[in-house]
Each structure stands twice: as C-alpha cells, then as structure tokens.
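>>> Model the following, please.
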Amino acid sequence: MHWSEKLALVVGMIVFMEGFAWAAHKYVMHGWGWGWHRSHHEPRSGAFEKNDLYALTFAMPVMAMFVAGLRWEPLWWCALGITVYGGIYAFVHDIMVHQRFGMRWVPRRGYSKRLLQAHRLHHAVKGKERGVSFGFLFAPDPAKLKRRLAERVGP
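The predicted structure follows:
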C-alpha cells in the first residue's frame, strides 16, 4: 500500500469513528446500555467507573482487526485509525473534559472551550433522556445547544 492510502484509511476511520461514537452514545449508551453509562453521569468514587467497560468492549474487535490486518493490510490501518480516535477521545473526553487522572486545565477560548461547554451541556440533564450533544470531538455551538436543551427540558 502507498503511504497516502494508509493515511487516508487512518484519517477516514477517525472521521467515521466520530459518527459511530455519536450513534453509540445516543442510541446505546443513552438507550439499552444505560446500565453501564449511568455511572458516567453520576459522581465518581475512584479512578474508574462502570462506563469504562465500553472502552474495553469496543477495544476487542479492534484487537481482532489488528490481527486480521496481518493478512489483509488495509484492515490493520483501519484498526490504527480507530485506535488513534480512541487515544484522542481518552485525552479530550476523560483527561481534559472530565479531569480524570489529575488533569486540571480549563480552556479559556477556542475549540477546546467550545468542546468543554458542549459536553457540560450534555451532562446538564439528569437521566438518559432529553440530552444534547452526543458527539465527542465535534462540538456544536453552545448557544444552539442551550436553546435545544431549554426546549427539551421545558419551563
């Protein structure tokens, strides 16, 4: 494979994973999989929460993709793209947004601030329904999210 094809697969999978993560978050985690995800919307006691089981669950097929990719190279590069997305997600969501593992940084402007605001608005709703902003790396405009949240929650 040419390096440009490898790069296209990695970048394409990162973009794909944001869509996959949005759908999994909205329809699985805030749907039938709420039993694990609920822990993420409640105060945490300790370094880990039941919601972390999703990371382990999603990692299993990716490990299989790496192994299968030893026989069919494009699959290996797809698995790398998913892994890169997972690393970005872990840093942005767990370390930066939720300040897990001792990180204490609050962005003052730009994309990082917008991402933090969007995720905090996601957590503004208690329970699994009526939430907004289910993506992890794409941050909708916080003003629009506030309006949508007000419409869903009501007076």
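>>> Point to the residue nearest the middle of this structure.
The centre of the chain sits closest to Phe136, judged by Cα atoms, centre = their mean, with a distance of 3.9 Å.
>>> Tell me the spacing between that one and Lys126.
As judged by Cβ to Cβ, to the nearest Å, Phe136 and Lys126 stand 20 Å apart. Heads up, the C-betas are built off the backbone N, CA and C, glycines and all.
>>> Then Ser39?
Distance, Ser39 to Lys126, by Cβ to Cβ: 14 Å.
>>> Looking at the two, which one has more neighbours?
Remark: of Ser39 and Lys126, Ser39 carries more neighbours, 17 against 11, as counted by other Cβ atoms under 10 Å.
>>> pretty sure the more buried one contacts Phe48?
No. Under the criterion of Cβ atoms under 8 Å, Ser39 makes no contact with Phe48, lying 9.1 Å away.
>>> Helices along the chain, start to end?
Remark: helices assigned in the chain by DSSP state H are 3-23, 34-37, 53-68, 73-89, 110-122, 142-153.
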